[in-house]
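Peer 1: have a look at this fold, sequence not included:
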């Protein structure tokens with residue numbers, strides 16, 4: 001970590017200052033050692049600073065046990081291609097230095113494996129997408145004494161910044177079954193350092209506001225809010241704000257009897273609302289009457305929503321931005337049957353400017369269905385052939401989320417595991433599935449179910465589970481996503497729906513390592529935001 005503040009006086013280290021790989025505290029000024037203070041002859045093997053024989057990383061794929069030596073690199077990225085295998089540590093007596101970590105071992109494969117001492121006794125087991133630090137405590141015997149720690153989860157977060165006080169998010173209950181319920185708040189990227197946040201406020205939370213938030217370093221700046229929708233005559237029930245570009249956006253408003261779309265533009269941090277659209281849909285008093293829209297182009301969005309009060313059907317519409325004028329509301333697609341929109345979401349991901357990948361849950365107990373949706377102006381979106389190859393998955397696979405690998409490959413996550421799909425034209429092919437092999441001890445039922453809106457950063461997915469205030473990392477290994485158990489935890493009230501908290505959350509990715517989260521904590525009537533950084537493995 002870079003040193004911030006006045007630099008300490010540089011006192012060059014010598015080998016006399018290092019005992020068993022540990023630098024004496026007398027040689028550490030203000031808890032900081034700068035690189036220039038380390039002479040080339042002062043090898044600090046086994047410490048946080050790499051030394052001779054312990055620098056760099058090794059990537060290994062093996063179907064047999066792997067035996068390390070005292071010259072093995074410190075970081076070991078291991079992919080076992082067979083089950084029941086192990087990484088065997090060197091004879092501790094050959095390790096001339098002690099300290100931490102002697103090794104960092106990362107499981108990059110799909111099989112768990114053991115770490116054993118030189119005598120063959122198991123020290124720990126590493127699940128897929130997990131890692132461990134090994135500290136050599138005693139090297140007087142071949143087996144040695146090793147201590148293990150979970151490697152850092154590689155997430156950091158900023159303190160919460162208050163966006164709005166005195167609001168509870170939206171009129172209806174915000175107990176959330178799945179991401180189809182937007183919980184009256186949303187976050188959408190403007191640029192790598194700015195995002196739009198929308199929320200409900202005013203009398204009985206009938207109104208909807210938007211605000212541009214900016215971040216720099218660890219500071220989030222909340223700018224002046226703008227009233228985007230007045231619920232004086234017709235209350236809003238739910239909403240989503242969506243940026244189509246750095247300047248154009250939509251506010252989708254769900255009301256008890258029908259829905260509307262409010263266009264807006266952004267210049268700097270100033271939001272200007274345009275004329276609202278005509279009404280569409282028959283509306284519903286249920287909070288999940290509109291789904292999570294995606295931007296198709298800088299002037300078009302694709303929106304899933306109900307057209308009637310039926311709990312298990314939805315349609316798709318293309319919405320066209322016309323500047324300050326009222327948006328064009330496209331013709332609805334044919335109805336799609338989803339299992340109970342109150343408990344099962346439908347999600348979209350871009351393929352290109354005219355095609356999107358759609359996934360939803362088709363039956364009360366069973367499988368996800370995926371298909372391509374094609375748009376053309378304001379015409380009704382065309383629905384590609386529904387993929388039913390995963391019909392053999394008869395278990396209860398809830399809450400689809402989409403990890404876009406490329407325009408031709410998508411990974412869908414659910415409560416029970418992940419599924420791989422490929423796309424060619426408008427044809428979706430189910431490749432296969434892999435069930436979760438790592439069970440999170442904090443989950444008593446399904447694994448990481450009832451997700452927040454998940455965020456993709458490079459080859460990882462970030463999520464948290466039902467009744468959970470802890471975030472988990474899913475890492476892409478092969479064709480599937482694996483859960484890394486250790487997470488980053490917030491106050492209990494930062495949560496996506498539970499019997500004890502009515503807070504919801506929304507997320508948007510700002511760049512390849514950064515995403516912004518916002519929560520409507522009903523317990524203290526405060527909407528707050530935080531920045532989470534993915535540091536990498």
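Peer 2: Yep, that arrived. Predicted model, so just to flag it, every value in this text is computed and none were measured. Residues are numbered from 1 along each chain as shown.

Peer 1: rounded mean pLDDT for stretch 387-401, please.
Peer 2: Average pLDDT, stretch 387-401: 65.

Peer 1: mind checking how far the residue nearest to residue 138 when sequence neighbours are not counted is from residue 115?
Peer 2: The shortest distance from residue 138 to any non-neighbouring residue, by C-beta to C-beta, 6 or more residues apart in numbering, is to residue 145 (3.8 Å). Yep, even glycine has a C-beta here, placed from its N, CA and C like the rest. Here residue 145 is placed at a distance of 14 Å from residue 115 (C-beta to C-beta, to the nearest Å).

Peer 1: between those two, which one's more packed in?
Peer 2: The residue with more neighbours, out of residue 145 and residue 115, is residue 115; 24 against 14, by other C-beta atoms under 10 Å.

Peer 1: ok, the more buried one touching residue 121?
Peer 2: No: counting by C-beta atoms under 8 Å, residue 115 sits too far from residue 121 to count as a contact (10.1 Å).

Peer 1: what sits against residue 225?
Peer 2: 164, 209, 210, 211 (C-beta atoms under 8 Å, 6 or more residues apart in numbering).

Peer 1: tell me the two of the residues you listed that are most distant?
Peer 2: 164 and 210 (10.9 Å; C-beta to C-beta).

Peer 1: the strands in the stretch 101-250 of the chain, which residues?
Peer 2: 113-116, 122-126, 131-138, 145-150, 155-157, 161-165, 185-191, 194-201, 207-216, 219-222, 226-229, 236-243, 248-255 (DSSP state E, counting those that start in this stretch).

Peer 1: so for residue 346, which of those sits nearest?
Peer 2: Short answer: strand 236-243, nearest of the strands of the stretch 101-250 of the chain by C-beta to C-beta, at 13.8 Å.

Peer 1: pretty sure residue 304 belongs to a strand, no?
Peer 2: Yes: Residue 304 forms part of a strand when assessed by DSSP: H, G, I helix; E, B strand; the rest coil.

Peer 1: and for it, the neighbour number?
Peer 2: As a burial measure, residue 304 scores 26 neighbours (other C-beta under 10 Å).

Peer 1: for residue 367, same thing?
Peer 2: If you count neighbours by other C-beta under 10 Å, residue 367 ends up with 23.

Peer 1: go on, residue 290?
Peer 2: Neighbours of residue 290 using other C-beta under 10 Å come to 27.

Peer 1: that one against residue 238, yeah?
Peer 2: Yes: because the distance of 6.2 Å satisfies C-beta under 8 Å, residue 290 is recorded as touching residue 238.

Peer 1: return the item of the contacts of residue 225 having minimum pLDDT.
Peer 2: Minimum pLDDT across the contacts of residue 225 falls on residue 164, with 88.

Peer 1: ramachandran angles for the residue nearest to it when sequence neighbours are not counted?
Peer 2: Of all residues not flanking residue 164 in the chain, residue 527 sits nearest, at 4.3 Å (C-beta to C-beta, 6+ apart). The phi/psi pair for residue 527 (degrees, to the nearest 10) reads phi -100, psi 130.

Peer 1: and the gap between residue 527 and residue 197?
Peer 2: From residue 527 to residue 197 the distance is 8 Å (C-beta to C-beta).

Peer 1: now residue 355
Peer 2: Using C-beta to C-beta, residue 355 is found at 29 Å from residue 197.

Peer 1: same question, residue 388
Peer 2: 39 Å.

Peer 1: higher neighbour count, these two?
Peer 2: residue 197 (24 against 13).

Peer 1: circling back: contacting residues around the residue nearest to residue 138?
Peer 2: Listed by C-beta under 8 Å, 6+ apart, the contact set of residue 145 reads 92, 136, 137, 138.

Peer 1: what do you get if the cut-off is 10 Å, keeping everything else the same?
Peer 2: Contacts for residue 145 (C-beta atoms under 10 Å, 6 or more residues apart in numbering) come out as 92, 98, 117, 135, 136, 137, 138, 139.

Peer 1: what does the pLDDT read for it?
Peer 2: Reported pLDDT for residue 145: 90.

Peer 1: again with residue 367
Peer 2: If you check residue 367, the pLDDT there is 78.

Peer 1: surely it meets residue 430?
Peer 2: Yes: contact criterion C-beta atoms under 10 Å: residue 367 and residue 430 qualify, at 9.0 Å.

Peer 1: how close does residue 324 get to residue 515?
Peer 2: Distance from residue 324 to residue 515, by C-beta to C-beta: 31 Å.

Peer 1: who's more crowded, the two?
Peer 2: Remark: of residue 324 and residue 515, residue 515 carries more neighbours, 24 against 12, as counted by other C-beta under 10 Å.

Peer 1: so the more buried one is in which element?
Peer 2: Element membership for residue 515 (DSSP states H and E) is strand 514-521.

Peer 1: could you give the angle of that strand to strand 207-216?
Peer 2: Relative orientation of strand 514-521 and strand 207-216, computed by axes from the mean of the first three to the mean of the last three C-alpha atoms, to 10 degrees: 140 degrees.

Peer 1: partners of strand 514-521, with directions?
Peer 2: Neighbouring strands of strand 514-521 in its sheet, by DSSP bridges, are strand 504-511 (antiparallel), strand 526-534 (antiparallel).

Peer 1: pLDDT averaged over the shortest one - what is it?
Peer 2: Spelled out, it's strand 504-511. Here the average pLDDT along strand 504-511 is 80.

Peer 1: pull the number of nearby residues for the closest residue in space to residue 223 that isn't next to it in sequence.
Peer 2: Among residues not flanking residue 223 along the chain, residue 269 sits closest, at 4.0 Å (C-beta to C-beta, 6+ apart). By other C-beta under 10 Å, 16 other residues sit near residue 269.

Peer 1: got the phi and psi for residue 269?
Peer 2: The phi/psi pair for residue 269 (degrees, to the nearest 10) reads phi -110, psi 10.

Peer 1: isn't it up against residue 212?
Peer 2: Yes: the pair residue 269 / residue 212 is scored as a contact, 4.3 Å apart, by C-beta under 10 Å.

Peer 1: quickly list what's touching both of these two.
Peer 2: 190, 194, 221, 222, 223, 224, 226.

Peer 1: which one of those is nearest residue 408?
Peer 2: Nearest to residue 408 among the shared contacts of residue 269 and residue 212: residue 190, at 28.8 Å, using C-beta to C-beta.

Peer 1: wait, the closest one touches residue 265, no?
Peer 2: No: with contact defined as C-beta under 10 Å, residue 190 does not count as touching residue 265 (11.5 Å).

Peer 1: quick check: bridge partners of residue 361?
Peer 2: residue 368.

Peer 1: can you count the residues close to it?
Peer 2: So residue 361, with other C-beta under 10 Å, has 26 neighbours.

Peer 1: how much space is there between it and residue 421?
Peer 2: Counting by C-beta to C-beta - residue 361 and residue 421 are separated by 15 Å.

Peer 1: over to residue 110?
Peer 2: 18 Å.
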